[in-house]
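> Coordinates only, no sequence provided:
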Ligand SMILES: NC(=O)c1ccc[n+]([C@@H]2O[C@H](COP(=O)([O-])OP(=O)(O)OC[C@H]3O[C@@H](n4cnc5c(N)ncnc54)[C@H](O)[C@@H]3O)[C@@H](O)[C@H]2O)c1
């Protein structure tokens, strides 16, 4: 196994800080003990943020130009956590410079760029490099437990699925314009959070065959320009000038998967739902549901209960559940888990693969860029459906 890995994070915004924190913690969970992880560089074009983030998370230095990370001899592994339209140039530059790359979702802002990135990843992998997209929810113990209930037949044959990701980061008309609100229809709520719920739906229900009923809506059609730097979903002072919102605040569609049908609904204007990912799956022998609001529990109902206690019961997640043991500094049931843990487990899965830990001894691997392309093709089929009055469109 490699003895030491130097890491860097490009983008110190909302998710970049989660990657920085995750690399710090990745070697504290699960087994085997990882090689030494050196926290080397934070790269952000907004220098004050890069300086602060490097200090706060214990990285040796910050840089303003990502090319300095590509050129650095002491860096092996890089997370790319900037606006989607910047992924391709930076990822390709890093791979050409011999770095292992973990890219945030969605893989890019256009399918053409995503395909080019997948091609670059194939060439790089032939040289021994690892290029991955994290799909962080695939290591959530609650979602893994739902999959286990499906796989071992306890829910019976699947009947239908409901997935929604309601957020409210854009529900106020004074939330400033940022890269998130600009791009074609389908690159808004659908690309931002629908990218998560779509791969989760396929993880639970099998590959998507087709989508129909695609509909987008832009509820707030212009937003004020910010007076300072916008980080993630944060507000701040805004100008009297506005810019148009060009993509979707809300998107909905239904899909036919290999195992069942389902409906997916995403929003960034669902007031009161800061991070409302909720999943429910129905089978011939019972049902299960999970929500990011209480991610340390899964609710399950099974038909073989006595009739007088039939109904959903709440299962607190603990060492009896997939990948819980060892995944937290204190891995007892009821200690609570959260979204930041998923970034730690994602970073660990990536480092395990780079370090040469065998797959059978590792967390589920991060996904390939080809999976990232498929994720975008799934969402492109929704956009196609929406553009043609909700018609049925095959998923490539
Ligand atoms: N997996 C998740 O749960 C999750 C959550 C949020 C965001 N994301 C993804 O992470 C990525 C970033 O999102 P965010 O919300 O953190 O964005 P953000 O706007 O908060 O941060 C982006 C940062 O990139 C910096 N930047 C801009 N151009 C740069 C350049 N050329 N070089 C270096 N830095 C540059 C900006 O200064 C900013 O600090 C997106 O792809 C998004 O989809 C994933």
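Received, thanks. It should be emphasised that the depicted structure is a prediction, and the values quoted were computed from it without experimental measurement. Numbering: from 1, shown residues only.
> near the ligand, which residues of the stretch 201-350 of the chain show up?
By CB under 6 Å from any ligand atom, the residues of the stretch 201-350 of the chain that approach the ligand are 231-232. Heads up, the C-betas are built off the backbone N, CA and C, glycines and all.
> Ok, the stretch 51-200 of the chain next?
The stretch 51-200 of the chain has residues 66, 81-84, 86, 104-105, 136, 192 near the ligand, with proximity defined as CB under 6 Å from any ligand atom.
> can you tell me which of these are in helices?
Among those, none falls in helices (DSSP state H).
> Can you say which of those are buried?
Among those, those that count as buried by neighbour count (16 or more other CB atoms under 10 Å) are 66, 81-82, 84, 86, 104-105, 136, 192.
> Need those in CSV (columns: pLDDT and distance to residue 176).
Below are those laid out as CSV (pLDDT from 0 to 100; distance: CB to CB, whole Å):
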residue, pLDDT, distance to residue 176
66, 98, 25
81, 98, 20
82, 98, 18
84, 96, 18
86, 97, 19
104, 98, 21
105, 97, 23
136, 96, 26
192, 97, 16
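> and the one helix or strand residue 55 maps to, what does it pack onto?
For residue 55, the element it lies in under DSSP states H and E is helix 47-57. Contact analysis of helix 47-57 by 3 or more CB pairs under 8 Å, 6 or more residues apart in numbering; DSSP states H and E lists helix 14-25, strand 36-43, strand 61-63 as its packing neighbours.
> Report the contact partners of the residue in the stretch 251-396 of the chain positioned nearest to the ligand.
Nearest to the ligand in the stretch 251-396 of the chain, going by CB to the nearest ligand atom, is residue 339, at a distance of 6.9 Å. Each residue near residue 339 by CB atoms under 8 Å, 6 or more residues apart in numbering is listed here: 136, 275, 292, 295.
> Closest one of those to residue 3?
Nearest to residue 3, judged by CB to CB, of those is residue 136 at 27.4 Å.
> and the residue of the stretch 201-350 of the chain found nearest the ligand, helix, strand or coil?
Closest residue of the stretch 201-350 of the chain to the ligand, CB to the nearest ligand atom: residue 232 (3.7 Å). At residue 232 the chain is in coil, as set by DSSP: H, G, I helix; E, B strand; the rest coil.
> ok, it - how many residues close by?
Residue 232: 13 surrounding residues under other CB atoms under 10 Å.
> Mind telling me what element residue 115 is part of?
helix 111-126.
> Can you lay out the residues of the stretch 51-200 of the chain next to the ligand as JSON lines showing distance to residue 383?
Output for those, formatted as JSON lines (distance: CB to CB, whole Å):
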{"residue": "66", "distance to residue 383": "30"}
{"residue": "81", "distance to residue 383": "24"}
{"residue": "82", "distance to residue 383": "23"}
{"residue": "83", "distance to residue 383": "19"}
{"residue": "84", "distance to residue 383": "15"}
{"residue": "86", "distance to residue 383": "21"}
{"residue": "104", "distance to residue 383": "20"}
{"residue": "105", "distance to residue 383": "17"}
{"residue": "136", "distance to residue 383": "24"}
{"residue": "192", "distance to residue 383": "14"}
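> in what helix or strand does the nearest residue to residue 322 once chain neighbours are set aside lie?
Setting aside the residues directly before and after it, residue 322 is nearest to residue 144 in space (CB to CB, 6 or more residues apart in numbering), at 4.0 Å. Following DSSP H and E, one finds residue 144 within helix 141-151.
> Now do the buried residues in the helix or strand following that helix.
Moving toward the C-terminus from helix 141-151, the next helix or strand (DSSP H and E) is strand 158-166. Residues 158, 160-166 are the ones in strand 158-166 that count as buried (16+ other CB under 10 Å).
> what distance separates strand 158-166 from the centre of its chain?
Remark: strand 158-166 is offset 17 Å from the chain centroid, using CA atoms, centre = their mean, to the nearest Å.
> Would you mind giving the secondary structure of the residue nearest to residue 140 when sequence neighbours are not counted?
Nearest residue to residue 140, sequence neighbours excluded (CB to CB, 6+ apart): residue 342, at 5.9 Å. Classification of residue 342 using three-state DSSP returns helix.
> Could you tell me which residues make contact with residue 342?
Applying CB under 8 Å, 6+ apart, the residues near residue 342 are 136-137, 139-140.
> same question for the helix ranked longest in the chain, mean pLDDT?
Taking DSSP H as the criterion, the chain has its longest helix at helix 369-387. Mean per-residue pLDDT for helix 369-387: 98.
> same deal with stretch 331-339?
89.
> Go through that stretch and flag the buried ones.
residue 337.
> got it, and stretch 199-207?
Those would be 199-205, for stretch 199-207 by 16+ other CB under 10 Å.
> pLDDT and secondary structure added to these, as a markdown table?
Converted to a markdown table, the buried residues of stretch 199-207 look like this (pLDDT from 0 to 100; DSSP: H, G, I helix; E, B strand; the rest coil):
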| residue | pLDDT | secondary structure |
| --- | --- | --- |
| 199 | 98 | helix |
| 200 | 98 | helix |
| 201 | 98 | helix |
| 202 | 98 | helix |
| 203 | 98 | helix |
| 204 | 98 | helix |
| 205 | 98 | helix |
